[in-house]
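Undergrad: Output the structure for:
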Amino acid sequence: MEKKNELLIVAHFFNSDIYHYFCKKKFYMKPCIKLLLLLFLGTFLPFHSGNSANPQNGKFTVVIDPGHGGKDPGALGSVSKEKDIVLSVGQQLGRLIEQNHPDVKVMYTRNSDRFVELNQRAEIANKGHADLFISIHCNALDRRHTSPQGVETFVLGLHRSKDNLDVAKAENAVIMYEDDYSVKYEGFNPNEPESYIIFEFMANEFLSQSVYLATLVQNQLVKNSKRVNRSVRQAGFLVLREVGMPSVLIELGYISNRTDEKYLRSASGQFSLASSIYQGFKEYKREYDKKSYVFSGSTSGKGQVAISQTPAVGGEKEYRVQFLISSRKYEKGSSAFKGLNPVDFYKDGSTYKYTYGSTSKQSEIEQTLKEVTKKFKDAFIVEFKDGQRIK
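TA: Take a look at the predicted model:
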């Protein structure tokens, strides 16, 4: 790449559209330049608030990504192939969304047994201006070892354990089927741990939304489909790195485990898995719609409005701003709240959902939301009555 273009890329790191620019444009650069830019990402992006979210024009778009396909069978069970199972589950998920959400556009990276390169999968989502990316896979373990059971849902990040790294390696190995993969993916080798250092510097603008969806989906797979819970995890997946939207990668089970494989192969198992993912999507979309309604609704009156000065009384509808979800219970004054005080929380299953402010007036909570989104871009308004969340 010419020096002029390299400088242009650096300049873009200070633009409000920095993440989208880096994520949706494909630049091939010298390793030293790439590392410098990634260091800029790690240093500046966490402090970059960007613009508040706006409601989508037109339909909400979800891209369903059944992994592997064609010449790439994916993981192999004793009598089944990953590519067939995930295609079936993905298609059933798409049909459930279309049947129940006429306002949602469903796109597929593949809807038949064909091979699609990883960067093309991301390109489909980015060009389609998707709002959500759901990648579906099956896990496997080397036959020399006893295979575990269970589902796990991944978001993009640095793997914190060898197990997570192994899963990422297995899924990223699909690029070995592609021509000139070392050039296309800038020297990335899925079998070399040092290649994954890139994920240590990557800041994911959509991490909190991705974790939220992953948590909803994982809970449904465990609760509704009765799968063994292997939790929500982070790892370095190339396909998630390339997309510019909230995204998750779901491992439906271990095809190398006889019990899991039997379930994964069955028509009832596949429908149950698709239904569980759909239920997670449904809840995510409901929250998304509430957030979009707030931004597209009537604006507050002129002048500054005092934040949360009118607490709700018994029987009244109460408005709060939800800004953080976590499997952890944070102590009062935690740095995770970025200075917000006082903070309240409520539990949804095993998940803690943290809120700020309390008022019975929508105009006041809208002003509170504006303040909170300066620190938490994905914050949104939630409603309560008599202390119970209204969904």
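Undergrad: part of a strand, is residue 328?
TA: No. Inclusion of residue 328 in a strand is not indicated when DSSP: H, G, I helix; E, B strand; the rest coil is applied; the result is coil.
Undergrad: distance of it from residue 354?
TA: For residue 328, the distance to residue 354 under the criterion CB to CB, to the nearest Å works out to 10 Å. Every residue, glycine included, has its C-beta placed from N, CA and C.
Undergrad: repeat for residue 389
TA: Between residue 389 and residue 354 the computed distance is 13 Å (CB to CB).
Undergrad: Also residue 154?
TA: In this structure, residue 154 and residue 354 are separated by 23 Å, where distance is defined by CB to CB.
Undergrad: The biggest helix by length in the chain - contacts with which helices or strands?
TA: Ranked by residue count under DSSP state H, the longest helix found in the chain is helix 267-296. Helices and strands touching helix 267-296, by 3 or more CB pairs under 8 Å, 6 or more residues apart in numbering; DSSP states H and E, are strand 60-66, helix 82-100, strand 132-139, helix 207-223, helix 258-265, strand 380-385.
Undergrad: By neighbour count, which bits of it are buried? Give me those.
TA: Of the residues in helix 267-296, 269-281, 283-285, 287-288, 291-292, 294-295 count as buried by neighbour count, 16 or more other CB atoms under 10 Å.
Undergrad: tilt between it and strand 60-66?
TA: For helix 267-296 and strand 60-66, the angle between their directions (axes from the mean of the first three to the mean of the last three CA atoms, to 10 degrees) works out to 150 degrees.
Undergrad: Compare residue 328 and residue 354 (neighbour count), which wins?
TA: The residue with the greater number of neighbours, taking residue 328 and residue 354 and applying other CB atoms under 10 Å, is residue 354; the counts read 23 against 9.
Undergrad: Kindly check the end-to-end length of stretch 95-114 for me.
TA: Taking CA to CA, to the nearest Å, stretch 95-114 runs 20 Å from one end to the other.
Undergrad: List of residues touching it?
TA: Judged by CB atoms under 8 Å, 6 or more residues apart in numbering, the contacts made with stretch 95-114 from elsewhere in the structure are 59-66, 69-70, 83-84, 87, 90-91, 94, 116, 120-121, 124-125, 128, 130, 274-275, 278, 281-282, 285.
Undergrad: can you map out the helices along this structure?
TA: Counting by DSSP H, the chain forms helices over residues 3-12, 18-24, 31-44, 82-100, 118-127, 162-172, 181-184, 198-201, 207-223, 238-242, 258-265, 267-296, 362-372, given from the N-terminal end onward.
Undergrad: and the last one, which residues are buried?
TA: Pointing back at helix 362-372 there. Going through helix 362-372 with 16+ other CB under 10 Å, the ones that come out buried are 362, 364-369, 372.
Undergrad: Turn those residues into TSV, columns for pLDDT and distance to residue 240.
TA: Below are those laid out as TSV (pLDDT from 0 to 100; distance: CB to CB, whole Å):
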residue	pLDDT	distance to residue 240
362	84	36
364	89	38
365	90	33
366	89	33
367	89	35
368	91	32
369	91	28
372	91	27
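Undergrad: Could you double-check that residue 328 sits in contact with residue 352?
TA: Yes. Look at residue 328 against residue 352 with CB atoms under 8 Å: they come within range, at 6.7 Å.
Undergrad: can you list the weak-confidence ranges in this structure?
TA: Across the chain, residues meeting the criterion (pLDDT under 70) sit at 1-58, 144, 157-205, 292-315.
Undergrad: Would you mind giving the domain segments of it?
TA: Listed domain ranges for the chain are 3-47, 60-287, 299-390 (source: automatic domain parsing).
Undergrad: How far does the second one stretch from one end to the other?
TA: If I follow you right, that is domain 60-287. Between the opening and closing residues of domain 60-287 lies a distance of 13 Å (CA to CA).
Undergrad: got TSV for the helices and strands packed on helix 267-296, with mean neighbour count and distance to residue 250 too?
TA: Supplementary listing: the helices and strands packed on helix 267-296 in TSV, determined by neighbours: other CB atoms under 10 Å; distance: least, CB to CB, whole Å:
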stretch	mean neighbour count	distance to residue 250
strand 60-66	25	10
helix 82-100	21	9
strand 132-139	27	5
helix 207-223	23	6
helix 258-265	19	12
strand 380-385	18	24
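Undergrad: The ones you listed: which one's closest to residue 248?
TA: Closest approach to residue 248 among those is made by helix 207-223 (4.7 Å; CB to CB).
Undergrad: So which elements touch the closest one?
TA: Using 3+ CB pairs under 8 Å, 6+ apart, the elements in contact with helix 207-223 are strand 151-156, strand 229-235, strand 247-254, helix 267-296, strand 317-326.
Undergrad: Could you work out which of the ones you listed reaches nearest to residue 339?
TA: Closest approach to residue 339 among the helices and strands packed on helix 207-223 (CB to CB): strand 317-326, 11.6 Å.
Undergrad: ok, and for that closest one, which residues are buried?
TA: By neighbour count with 16+ other CB under 10 Å, strand 317-326 contains the buried residues 318-326.
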